[in-house]
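# no sequence for this one, just the structure:
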């Protein structure tokens, strides 16, 4: 179920949902060099009513004490909104153990209130090793205001 599913006074942050999958969306337990994979993330956008306590969105507890009837949740951050579509730029970056960037791409999009959108970018590792994939959530490339904290995952390529 999408949306508010209850009220609770406990504060917590959501688990990251950056995934590495094959081209059909199936999770991968191992990756080989030269294998094309998808870096995938579910972006959630919720319109929230007024609350005086914390609220739960998709089993994630948020401090909703300061929100108004024109607030939304993007990931785990509460933002003011008029329930219009929210524009965003999602940047995908992959770096090796020496912080060299091997891959960078971005996707511009819009998301509507109460929508969950899977966003993915294809990457093909050229060499084996340990990599860190990071996703950044910005207003746009021209306005690099972070909408959410970056999300990272470690990827081992054999």
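Sure thing, it's come through. For clarity, every value in this text was computed on a predicted model and none was experimentally measured.
# List the contacts of the closest residue in space to residue 36 that isn't next to it in sequence.
Using Cβ to Cβ, 6 or more residues apart in numbering and skipping the chain neighbours, the partner closest in space to residue 36 is residue 124 (4.5 Å). C-betas here are computed from N, CA, C, even on glycine. Residue 124 sits next to 34, 35, 36, 37 when contact means Cβ atoms under 8 Å, 6 or more residues apart in numbering.
# Give me the subset of those residues that lies in strands.
residue 37 (DSSP state E).
# Among the contacts of residue 124, find me the one that's closest to residue 93.
Nearest to residue 93, judged by Cβ to Cβ, of these is residue 37 at 14.7 Å.
# Show me what the closest one is bridged to.
Taking DSSP bridges, one obtains residue 123 as the residues bridged to residue 37.
# That one against residue 30, yeah?
No. Counting by Cβ atoms under 8 Å, residue 37 sits too far from residue 30 to count as a contact (10.7 Å).
# circling back to that earlier point, redo the contacts of residue 124 as JSON lines? Include distance to residue 17.
Below are the contacts of residue 124 laid out as JSON lines (distance: Cβ to Cβ, whole Å):
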{"residue": "34", "distance to residue 17": "26"}
{"residue": "35", "distance to residue 17": "22"}
{"residue": "36", "distance to residue 17": "21"}
{"residue": "37", "distance to residue 17": "16"}
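# quick one on the thing from earlier: what about residue 37 and residue 30, which has more around it?
More neighbours surround residue 37 than the other of residue 37 and residue 30, with 22 against 9 (other Cβ atoms under 10 Å).
# what sits against residue 156?
30, 31, 129, 130, 131.
# Then residue 28?
20, 21, 22, 37.
# returning to what we had before: now, which of the contacts of residue 156 sits nearest residue 140?
Of those, the one sitting nearest to residue 140 (Cβ to Cβ) turns out to be residue 131, at 26.4 Å.
# Find the nearest non-adjacent residue to the closest one, please.
Residue 131 sits nearest to residue 155 (Cβ to Cβ, 6+ apart), 4.6 Å away.
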